[in-house]
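[1] need coordinates for the below:
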Amino acid sequence: MGSVLELKDSLVAHLNPRNTPDDIEASLRGPRGTLDSVRIILQELCSRDDRFTFIYSSLEEFPAELLDLTISDTLISARNDADTGWERKQHRRDFRDGWIFISEIINSTIFELLHVFDIDITPEQGPKGPAPLAHLELLRDLYEKSKGLKPQPAVRRVLESGQTERAENRHPYSTSLDTTTGEVRVLEILPGTGKDPVECHLTMRKLYGDGIPEALSYVWGKEISDEPIVVDQVPFIVTKNLHRILRGLRHPDTARTVWIDAICINQSDPGERTHQVRLMRDIYSKAKCTIIWLGDGRRSDLPHYQEEALYRPLPHGFGGTSIGEYDLPAILERCQKYPVDIDWNKEQWEWWITLERCVNHLMLCEWWERTWTIQEAALPSQAPMLLFRGNSFSLDDFTSAMGFMSNIRSSKEHFLKQLNNRHRVIGYEADQIVYSMTNAWPSGLGQIPLAIAFRPGLSIDVPSGPRSRIITVLLALTATCRASNPLDKIFALESLLPSCMGRLICVDYDQDCDILFRDTTARSYNYVRTFLLLKTFVLLFESKLRAGETHTGPSWVIDFTYSDAAHHHDNPTDNTLNRVTLDGFLTSSKEPYLQCEQFGIIFATPKVLFCAGCYIDYICFIGSIPKIDDPDIMRGFYNFVGGVQQARNLIIDLSKLENTGSTEEAHGHANKLVSIPLLKLFSLQTDEILPERSSMEGLIKDGNRALVGKMYFITKQGYVGIATAPVACGDYLTWAPGAPCYFILRGAEDQNGTSGGRYKSRIVARAGIADGLVDMKTLIDSLPVHVLQIV
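    Okay, here's the model as predicted:
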């Protein structure tokens, strides 16, 4: 009972003071009344501009069972002894989920209103709290203001001269799809063998009537095939990978009907692509069978990857039978025959090695790393079939194998004992196979694939429910997934979200990617009200600077294209694939995560991000980190860091070394005392204690490799940091609650060209500072909190 009353009190406490008693009562009764208010506004906005229709479609998908769920139902459930604890929790979750969905719909409508009608707001006009009704009040105000305004023209993506949508797809489709009936094309692969030309025929089907026999999930590939296929007696250009797949799929005597996106969707028609992507949820869930073509597991795109060295061939007769090395179901069945709680003999070890080698090789396939393939494995009602090197088995077989291996490793003490004993049991040749596999994996591979984690009904401990399926969580989970078109990094999440939340992704292939990333960033900021995603991604302007491009949009927009920063936060010197990077170092920074009381607001509009923050100090000295060429890497490193320390001492007007923490004597070099916080910063180390010299040399080399050319700075009060992008004297080191790094802000100009003042700024870099030079929590607690206006 108490927890439910706390929920009610929390809801009332966050309401806008301007909300009427009727509004408050409506929130306690349930979402229907609020949703009806939003519906009236959206209906009128849709009649004025079709850019609001995607939000209205989200409202139409709102779960009916949540519409009339009230806090009274939750209270009654808490009093009802017949309800189990699980049922009471479910009532609370459902009630909260309803308001989560409403919050996202209201926030999206506010953002689109500001965008379509080019309305600016001040911090004072923003929402007065996080609760949905506080945002509803802002929506009502903006809606009234919009009545006197005309919608601004939509900004469409403009292709550069000579650029085409899909160079490999110029097929003259004879007919267009009927977008009102869920019509799709399917590909009939005509019979053939060997080197016979691949000939196909396209037919039209009603998705919700005729259904789809098979749907293909695969990696497109980049290289174009030298030999086109023939579709309806016309040459059709495809990638080399798809050409190989079509040869592998066709039957020798009968036609085979498959839905394949690259052929069944007119990729040169953005409107058709948009419509068909909206149907993806139903295409893969309604297909009678989904085929996953994994390829052969060879990875030319991974540095240092050599299959022969990493996956040594199994010796003849290994395991004592003729079972194929990639016949996963048979291998698993054989492994399961042995007791796992006794000392393993040679034969059991050989089968375990065969299983692990097979699973590891399967997981190295690029298919697991693509954003689209997650939904293509998660949505089918029947387990998809995996095709790999001539073998076919279900995704359930693969999941069972991973579960079996996980259970074996869960008995850590027993499994470690077997590992330690393997040398005397299996012999040198088999032991080398085990050793080679341990070096086969870049960091992050080998975890439970998202394609498995999102399949319903699995007993694997992965996030579930609407709150874990919010777009912020999905973006973080898919950071290391790739897409040929960066728009698809967002569009591919539509089917993984609850239906009404997925509809808030405006799938439109005419949309500019920068605008899509801006809208997605704002959606995350406005819902989670924190900079959580900056622990995973970089800012878009940083990516463009690194690519030599110009960024003209807001500086707070995140680049969702790809990020493996989370795999580069430490520095294992024995693994060249996972060396530390500055972006990775910033993900593990602990200083900005201060539990201060003054968290304030965070709210993004199309132009400005409002957030609480503190101006710490301004930069008065900058320098570029050099490449250390000294044959004695330690001497060169200590000389550089010592120079930075001397510059800092001069800036804060010290005649001798300030007592700002521990120091370390340079290893016999001029008896210099160098601050440990500075040593850790410029070697990108987060450990409390520096390692021994033998290990330190390797860490310094890797850290310097990552930092060469990056800018370091010193502020007026002596704070030393490294910036991710160029900074200048006069820029401000700034802290914002919830951000995993510091921001460097620079005053921005107003539209009339005059300075916007200290409170209107652009982010020019993220930064990490030397941990230990100052007590940052005490410092920030003493600083005034401002409402930052970041443009």
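
[2] any idea how far the residue nearest to residue 513 when sequence neighbours are not counted is from residue 54?
    Nearest residue to residue 513 in three dimensions, chain neighbours excluded: residue 486, at 5.1 Å (C-beta to C-beta, 6 or more residues apart in numbering). (Each C-beta comes from the backbone N, C-alpha and C, glycine too.) Using C-beta to C-beta, to the nearest Å, residue 486 is found at 19 Å from residue 54.

[3] hang on, the earlier thing: neighbours around the residue nearest to residue 513, how many?
    Residues lying near residue 486 (other C-beta atoms under 10 Å) number 18.

[4] isn't it right next to residue 515, touching?
    No: contact criterion C-beta atoms under 8 Å: residue 486 and residue 515 do not qualify, at 12.0 Å.

[5] low-scoring stretches of the stretch 551-700 of the chain, by residue?
    566-580, 589-600, 654-673, 687-694 (pLDDT under 70).

[6] could I get the full set of helices for it?
    Secondary structure of the stretch 551-700 of the chain, counting by DSSP state H, counting those that start in this stretch: helices at 582-587, 633-651, 676-682, 693-707.

[7] now render these as CSV, adding mean neighbour count.
    What follows is the helices of the stretch 551-700 of the chain, written out as CSV (neighbours: other C-beta atoms under 10 Å):
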stretch, mean neighbour count
helix 582-587, 22
helix 633-651, 19
helix 676-682, 23
helix 693-707, 18
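
[8] turn these into TSV, including distance to residue 414.
    Converted to TSV, the helices of the stretch 551-700 of the chain look like this (distance: least, C-beta to C-beta, whole Å):
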stretch	distance to residue 414
helix 582-587	34
helix 633-651	43
helix 676-682	39
helix 693-707	32
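
[9] and residue 152, which of those is closest to it?
    Residue 152 lies closest to helix 582-587 among the helices of the stretch 551-700 of the chain, at 35.5 Å (C-beta to C-beta).

[10] hang on, the earlier thing: what about the helices of the stretch 551-700 of the chain, which gets the closest to residue 117?
    Closest approach to residue 117 among the helices of the stretch 551-700 of the chain is made by helix 582-587 (37.0 Å; C-beta to C-beta).

[11] so how far is the lengthiest strand in the chain off the chain centroid?
    Looking across the chain with DSSP state E, the single longest strand is strand 609-624. Computed by C-alpha atoms, centre = their mean, to the nearest Å, the chain-centroid distance of strand 609-624 equals 27 Å.

[12] same question, stretch 615-628
    When distances are taken as C-alpha atoms, centre = their mean, stretch 615-628 is centred 31 Å away from the chain's centroid.

[13] neighbouring contacts of it?
    Contacting residues not belonging to stretch 615-628 are listed as 636-637, 640, 644, 647, 651, 682, 700, 704, 707-717, 719, 722, 727-735, 742, 744-745, 758, 779-780, 783, 786 [C-beta atoms under 8 Å, 6 or more residues apart in numbering].

[14] ok, back up a step: pull up the pairing partners for the longest strand of the chain, direction included.
    strand 602-604 (antiparallel), strand 711-715 (antiparallel), strand 732-735 (antiparallel), strand 786-790 (antiparallel) (DSSP bridges).

[15] just send those strands back as CSV, with mean neighbour count too.
    CSV is the format used below for these (neighbours: other C-beta under 10 Å):
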stretch, mean neighbour count
strand 602-604, 23
strand 711-715, 23
strand 732-735, 23
strand 786-790, 20
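
[16] make a markdown table from those strands and add distance to residue 185 to it.
    Output for those, formatted as a markdown table (distance: least, C-beta to C-beta, whole Å):
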| stretch | distance to residue 185 |
| --- | --- |
| strand 602-604 | 39 |
| strand 711-715 | 53 |
| strand 732-735 | 53 |
| strand 786-790 | 46 |
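
[17] so which of the ones you listed comes closest to residue 424?
    strand 711-715 (52.9 Å).

[18] from residue 247, how far out is residue 527?
    In terms of C-beta to C-beta, residue 527 sits 46 Å off from residue 247.

[19] scratch that, residue 136
    The gap separating residue 136 from residue 247 is 57 Å, by C-beta to C-beta.

[20] tell me which of the two has more neighbours.
    residue 136 (26 against 17).

[21] quick check: longest helix in the protein by residues?
    For the chain, the helix that runs over the most residues, judged by DSSP state H, is helix 85-116.

[22] flag every buried residue along that helix.
    The neighbour-count check on helix 85-116 (16 or more other C-beta atoms under 10 Å) flags 88, 91-92, 94-116 as buried.

[23] list the contacts for the nearest residue to residue 726 once chain neighbours are set aside?
    Distances taken as C-beta to C-beta, 6+ apart place residue 711 nearest to residue 726, at 5.9 Å, with adjacent residues excluded. By C-beta under 8 Å, 6+ apart, residue 711 lies in contact with 622-625, 722-723, 725-727, 765.

[24] let me see the ranges of the strands in the stretch 301-450 of the chain.
    For the stretch 301-450 of the chain, applying DSSP state E, counting those that start in this stretch gives strands covering 385-388, 391-394.

[25] and residue 585, which of those strands is closest to it?
    Per C-beta to C-beta, nearest to residue 585 of these: strand 385-388, 37.3 Å.
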